[in-house]
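Engineer: here is the input, now give the coordinates:
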Amino acid sequence: MVLALKDHFVWDSWYVHDGDVWHGYFLKAPRSIGDPELRHFNVSYGHATSTDLINWTHLGETFLPSESPAWDDYTTWTGSTVKGDDGLWHLYYTGTSKAEQGKIQRIGHATSTDMHNWARVGKDGLTLDFEGPNAHHYEVEHTGKWHDRAMRDPWVMKDPEGDGWLMYFTARAEDVLEPNAGGCIGFATSPDGFDWNLQPPVFTGGYGQLEVPQVFEVGGRWYCLFCTAAEHFSKEQARITKGGPVTGNHYLIGDGPRGSWRIAPDFLDGDLPCRRYAARIVDSGDGLVILGFADRPDGVDFIGHIMDPEPVIVTSDGLLKIVPHLKATE
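Structural biologist: Residues are numbered from 1 along each chain as shown. The predicted structure is shown next:
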């Protein structure tokens, strides 16, 4: 049984475990818009719960853009949810504004006591932009090389090497001649989850976009899952990729949460046309599994639901490998 809504497209998602219950948050848009590409600008968050990551109970809409005018009055895109030291649940999210035609992305912050009803922090929720002494490491302006100025998909976690918090996000580095070699994993730190300090990227290169990063540790090894498209491979990365560029989910291997990071040798989960995108890897209690949304496996129709989880193993040499079910649900 997949996480699907009859009347809505469903795509990027993230998961958090609370007791015996998994909470899944996901982007959704009404299928009545017709063209699924319009979903990005007709977006809100859905919320569902499960005890097994397969059977889901949809709880309805949980978060949506602010009323205009606001920095996040156009879209609220992919984020992450964590429990803070204060006992509150914290949502970090991507926002864009109508005034900027959705081209400039920033990161927002909201909190909740029940994991469903959220209140933006401070005046308007804005928590991170390209400001301060480390901003020069990033593509701060909308230069026209891409359709947007990227600062999105925040992944927040406790700092395993200290008392604070770490944030990873999708961005692009400044002054990289080949656009498809300029994608980076942005980085910020916070002592308390509220006040964030922009840091230099922890990784740059390989692709023009490293979307939806997720950093996690397994058996003392560190991984950063991300997704990217075949058309966003750098020339060098395309050359060294077995079988050539694909669209899907890949990962970096790290020496620690701050790196150094390197691209894993064999692409993890890619196809042409794309089968699964914007995936997450979680520990189900019975091992690692991967979940992501069904994209356009036939090359034509956008599916728009969360696929059932498939097992992931760590090989003896520290690489991730998906072990498909004999009859994986599409």
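Engineer: quick one: Phe293 from Leu128, how far?
Structural biologist: Distance, Phe293 to Leu128, using Cβ to Cβ, to the nearest Å: 26 Å. Just so you know, the C-beta spots here come from the backbone N, C-alpha and C atoms, and that holds for glycine as well.
Engineer: to clarify, my last question referred to Gly193.
Structural biologist: For Gly193, the distance to Leu128 - Cβ to Cβ - is 12 Å.
Engineer: which of Phe293 and Leu128 has more neighbours?
Structural biologist: Phe293 (25 against 22; other Cβ atoms under 10 Å).
Engineer: next SSE downstream of the host helix or strand of that one?
Structural biologist: Using DSSP states H and E, Phe293 falls within strand 288-294. Downstream of strand 288-294, the first helix or strand assigned by DSSP H and E is strand 310-314.
Engineer: which elements pack onto whatever helix or strand comes next after that next one?
Structural biologist: Downstream of strand 310-314, the first helix or strand assigned by DSSP H and E is strand 320-322. Here strand 320-322 touches strand 310-314, going by 3 or more Cβ pairs under 8 Å, 6 or more residues apart in numbering; DSSP states H and E.
Engineer: residues in contact with the strand it packs on?
Structural biologist: 218-219, 221, 281, 287-290, 320-325, 328 (Cβ atoms under 8 Å, 6 or more residues apart in numbering).
Engineer: so which bits of that strand are buried?
Structural biologist: 310, 312 (16 or more other Cβ atoms under 10 Å).
Engineer: direction included, what does that strand pair against?
Structural biologist: Using DSSP bridges, the strands paired with strand 310-314 are strand 288-294 (antiparallel), strand 320-322 (antiparallel).
Engineer: any chance of those in a markdown table, with distance to Gln237 too?
Structural biologist: Listed next are the strands paired with strand 310-314 as a markdown table, based on distance: least, Cβ to Cβ, whole Å:
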| stretch | distance to Gln237 |
| --- | --- |
| strand 288-294 | 21 |
| strand 320-322 | 18 |
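Engineer: quick one, which of the ones you listed is nearest to Asp266?
Structural biologist: Proximity to Asp266 (Cβ to Cβ) singles out strand 320-322 among these, at 8.7 Å.
Engineer: which of the contacts of strand 310-314 sits closest to Leu38?
Structural biologist: Ile290 (27.6 Å).
Engineer: and the residue lying closest to Ala4 once chain neighbours are set aside, how many neighbours?
Structural biologist: Leaving aside its chain neighbours, Ala4 sits nearest to His305 (3.5 Å; criterion: Cβ to Cβ, 6 or more residues apart in numbering). By other Cβ under 10 Å, the residues close to His305 number 19.
Engineer: just give me the neighbour total for Gly318.
Structural biologist: 14.
Engineer: which ones are touching the closest residue to it other than its chain neighbours?
Structural biologist: Excluding the flanking residues, the one nearest Gly318 by Cβ to Cβ, 6+ apart is Arg221, at 5.2 Å. Residues counted as contacts of Arg221 (Cβ under 8 Å, 6+ apart) are 253, 314, 318.
Engineer: now those as JSON lines including pLDDT?
Structural biologist: Below are the contacts of Arg221 laid out as JSON lines (pLDDT from 0 to 100):
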{"residue": "Ile253", "pLDDT": "98"}
{"residue": "Val314", "pLDDT": "97"}
{"residue": "Gly318", "pLDDT": "97"}
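Engineer: in the stretch 101-250 of the chain, which spans are helices?
Structural biologist: 235-240 (DSSP state H, counting those that start in this stretch).
Engineer: ends of stretch 70-89, what's the gap?
Structural biologist: The first and last residues of stretch 70-89 sit 23 Å apart, counting by Cα to Cα, to the nearest Å.
Engineer: buried ones in it?
Structural biologist: Buried positions in stretch 70-89, judged by neighbour count with 16+ other Cβ under 10 Å: 70-82, 88-89.
Engineer: quick check, nearest of these to Gly248?
Structural biologist: Distances from Gly248 to those, taken by Cβ to Cβ, are shortest for Thr78, at 16.3 Å.
Engineer: so what's Thr143 scoring on pLDDT?
Structural biologist: Predicted confidence (pLDDT) for Thr143: 87.
Engineer: again with His325
Structural biologist: With respect to pLDDT, His325 has a value of 66.
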